[in-house]
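Novice: got a predicted structure plus its sequence, pasted below:
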Amino acid sequence: MRIDHAKKEDIEGIIKVAEKSLFNPESPNQNGSIGYVLSKKEYLYRINESHYFYVSKGEDGEINGFLMCYSNKLLRRMQDKGIFHHDGVLSYLNQQDRPYVYGETIVVDPNVTKNNIGSSMMLKLFKDMKSAEIRDMHVLLRHNPSRNTPSIEFCEKLGFKFTGDEIQNQDKKFTWGIYRL
């Protein structure tokens with residue numbers, strides 16, 4: 001396994017992994033961790049602008065996971081451009097007075113044995129955050145219609161704490177909790 005910063009040529013592999021990991025609200029208890037797949041253009045923007053977008057590649061060179069995070073400065077630019085997909089969390093994030101990283105998505109191909117892929121990507125992120133002297137990180141994790149228990153347990157194992165803030169999307173079908181490290 002190799003962890004690298006994502007590059008333009010990784011987009012097809014990122015999309016493949018994302019499509020395999022879609023959450024189906026019609027069957028909320030099935031495996032699926034993400035709610036949407038971004039367009040190639042959206043992934044390219046994030047790859048070009050974020051210092052915290054990583055891919056994991058197996059021995060065959062195929063992408064088997066990715067971690068997509070943003071600095072608070074990039075998040076602000078994305079907010080200004082209207083290209084950030086979790087508007088409900090912005091009021092909370094905009095109140096933060098220290099630099100932070102926002103973790104939007106971590107995905108590991110469900111067909112691959114985990115082999116600590118997620119943990120390895122997070123350790124790379126933490127190392128890069130430390131180099132940039134950033135200590136805070138925030139993530140949004142699904143609480144309803146089904147609780148994303150594996151992601152919550154993963155984040156808690158890494159030291160994240162639930163802040164108590166919960167966000168609903170516009171049609172009130174989904175509720176998320178904010179977790180902070």
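Specialist: Thanks, I have it.
Novice: leaving out chain neighbours, which residue sits closest to the residue nearest the centre of the chain?
Specialist: With distances taken as C-alpha atoms, centre = their mean, Thr105 lies nearest the centre of the chain, 1.6 Å away. Spatially, and ignoring its direct neighbours in sequence, Thr105 is nearest to Met68 (4.5 Å; C-beta to C-beta, 6 or more residues apart in numbering). C-beta coordinates here come from the backbone N, C-alpha and C atoms, glycine included.
Novice: give me the sheet partners of the helix-or-strand element of the chain with minimal mean pLDDT and which way each runs.
Specialist: Lowest on mean pLDDT, DSSP states H and E among the helices and strands of the chain sits strand 161-168, with a mean of 83. Strand pairing for strand 161-168, determined by DSSP bridges: strand 175-180 (antiparallel).
Novice: only the buried residues of the partner strand, if you could.
Specialist: 176-180 (16 or more other C-beta atoms under 10 Å).
Novice: contacts for that strand, please.
Specialist: Residues outside strand 175-180 that contact it (C-beta atoms under 8 Å, 6 or more residues apart in numbering): 86, 88-89, 92, 136-144, 152, 155-156, 160-163, 165-168.
Novice: that older thread, contacting residues around the least confident helix or strand of the chain?
Specialist: Strand 161-168 is contacted from outside by 86, 88-89, 92, 140, 143, 174-181, using C-beta under 8 Å, 6+ apart.
Novice: for Tyr100, see how far away Arg77 is.
Specialist: Arg77 is 15 Å from Tyr100, where distance means C-beta to C-beta, to the nearest Å.
Novice: the residue lying farthest from the centre of the chain is in what secondary structure piece?
Specialist: Centroid-distance maximum for the chain: Asp60 at 24.1 Å, with C-alpha atoms, centre = their mean. Per DSSP states H and E: Asp60 is located in neither a helix nor a strand.
Novice: do Asn48 as well
Specialist: Per DSSP H and E: helix 40-49 holds Asn48.
Novice: tell me which strands and helices that helix is in contact with?
Specialist: Counting contacts by 3 or more C-beta pairs under 8 Å, 6 or more residues apart in numbering; DSSP states H and E, helix 40-49 is packed against helix 11-20, strand 63-71.
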